[in-house]
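# need coordinates for the below:
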Amino acid sequence: LYHRDPFNSKAKRRYVCGCHEARKFLRVQAVKMLFMANNLVINNGMPPILEELLKIAEEAQLPVIYAGSALDLGYWTLKKRKTSVIAILNYDGAEKMFSEVVSELDVARKGYDQLLNNIHNHLHHQCGENCAHHSNLDKATLLQHLEQEIRENIMSQLSC
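Numbers count the residues shown, from 1 in each chain. So this is what the prediction gives:
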């Protein structure tokens, strides 16, 4: 397509790779779905650009999928380097596959929420009356810390 019509090849891009490219298209609200590598190195907190990507995606209610390592994402996009983010811009011709991915993501999210609720209930029953004097804010904070720990654990297992 590029050799036949260079102008239209840029206009009809299906996806872009990389944090900066994804951010550009997220800002103009052209992204339909975001894939992120699950093995991004986060030593001193999340890099600001990733926080920004996740924030914009959450505000736009875009599906964010943590799939494969950075090397896998690069391989899947026929790049010879690691790719940390893929932003899907156009899924014309693959609507059925897109809807299947979104429905599977919804099922996975519901399972994840159920898991968090089970853990919260288990901790609440284990704690018993000692937790009765804690406020709801403390429980919410506990849930946030627990959710973050579970995410880190899952990410570390997926990157192996």
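
# count the neighbours of A67 for me.
Neighbour count of A67, defined by other C-beta atoms under 10 Å: 15. To be clear about C-beta, it is placed using only N, CA and C from the backbone, and glycine gets the same treatment.

# apart from its chain neighbours, what residue comes closest to it?
Distances taken as C-beta to C-beta, 6 or more residues apart in numbering place F35 nearest to A67, at 5.4 Å, with adjacent residues excluded.

# element containing the one you found?
strand 33-36 (DSSP states H and E).

# now F98
Per DSSP H and E: helix 95-127 holds F98.

# ok, back up a step: so who does the residue nearest to A67 touch?
By C-beta atoms under 8 Å, 6 or more residues apart in numbering, the contact list for F35 reads 64-67, 73, 85-88.

# on that earlier part again, partner strands of the strand holding F35, parallel or antiparallel?
Strand 33-36 has its sheet partners listed here by DSSP bridges as strand 64-66 (parallel), strand 85-88 (antiparallel).

# highest mean neighbour count out of these?
strand 85-88 (a mean of 24; mean count of other C-beta atoms under 10 Å).

# quick one: distance of that one to the chain centre.
10 Å (C-alpha atoms, centre = their mean, to the nearest Å).

# repeat that for stretch 114-125.
23 Å.

# give me the residue at the spatial middle of the chain.
V64 (3.4 Å; C-alpha atoms, centre = their mean).

# these two touch, right, that residue and M36?
Yes: the pair V64 / M36 is scored as a contact, 6.3 Å apart, by C-beta atoms under 8 Å.

# what's the closest of the contacts of F35 to D106?
Nearest to D106 out of those is I65 (C-beta to C-beta; 11.6 Å).

# what bits of the chain have low per-residue confidence?
Within the chain, the segments meeting pLDDT under 70 span 1-11, 41-43, 124, 126-140, 155-160.

# how about the helices in it?
For the chain, the helices defined by DSSP state H cover 6-11, 19-27, 48-59, 70-76, 95-127, 136-158.

# counting contacts, what elements does the third one pack onto?
Based on contacts counted as 3 or more C-beta pairs under 8 Å, 6 or more residues apart in numbering; DSSP states H and E, the elements that helix 48-59 packs against are helix 19-27, strand 33-36, strand 64-66.

# one more: the fifth one?
For helix 95-127, the contact count by 3+ C-beta pairs under 8 Å, 6+ apart identifies strand 33-36, helix 136-158 as packing neighbours.
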